[in-house]
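# sequence? don't have it. structure:
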């Protein structure tokens, strides 16, 4: 059991380093977790290609979304605007972004590009 924990810590560290210490969805560098793209109970393993770094908020959103929409692929969800970001962009910057979908999508892609370049 102790060896399994050490192995997971090593795998987790490698995945976070590979992903530049950022959530691959929103770019956050805080509260990072490693997510199995294909859950272990569905046949997924701990190979690095099946693992991705997500912040706690994005990880919880995926778990909720996966239950709600099991037909949606992880890769599709990964590219979508995180709901917490969608609402915070409109709420915190009403002068900058109107509530049109196009404006929100543009803001999301600009935000994501800036965070991934840092």
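Looks like it arrived, so ask away. Please read all numbers here as calculations on a predicted model, not as lab measurements. Numbering: from 1, shown residues only.
# which residues of the protein fall in strands?
Secondary structure of the chain (DSSP state E): strands at 32-36, 51-55.
# Please render the ones you listed as a markdown table that adds distance to residue 19, mean pLDDT and mean neighbour count to the earlier fields.
The way it works is simple: take the backbone N, C-alpha and C, and place the C-beta from them, glycine included. A markdown table is the format used below for those (distance: least, C-beta to C-beta, whole Å; pLDDT from 0 to 100; neighbours: other C-beta atoms under 10 Å):
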| stretch | distance to residue 19 | mean pLDDT | mean neighbour count |
| --- | --- | --- | --- |
| strand 32-36 | 8 | 94 | 18 |
| strand 51-55 | 4 | 94 | 23 |
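# Now render those strands as a markdown table, adding distance to residue 72.
Shown next, in a markdown table, are these (distance: least, C-beta to C-beta, whole Å):
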| stretch | distance to residue 72 |
| --- | --- |
| strand 32-36 | 15 |
| strand 51-55 | 16 |
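# This protein: helices as residue ranges?
Taking DSSP state H, the helices of the chain run over residues 2-18, 56-68, 74-79, 83-92, 101-117.
# which residues are contacting the first one?
Meaning helix 2-18. Under the contact criterion C-beta atoms under 8 Å, 6 or more residues apart in numbering, helix 2-18 has outside partners 32, 34, 46, 48, 51, 52, 53.
# That helix vs strand 51-55, what angle?
Interaxial angle, helix 2-18 versus strand 51-55 (axes from the mean of the first three to the mean of the last three C-alpha atoms, to 10 degrees): 70 degrees.
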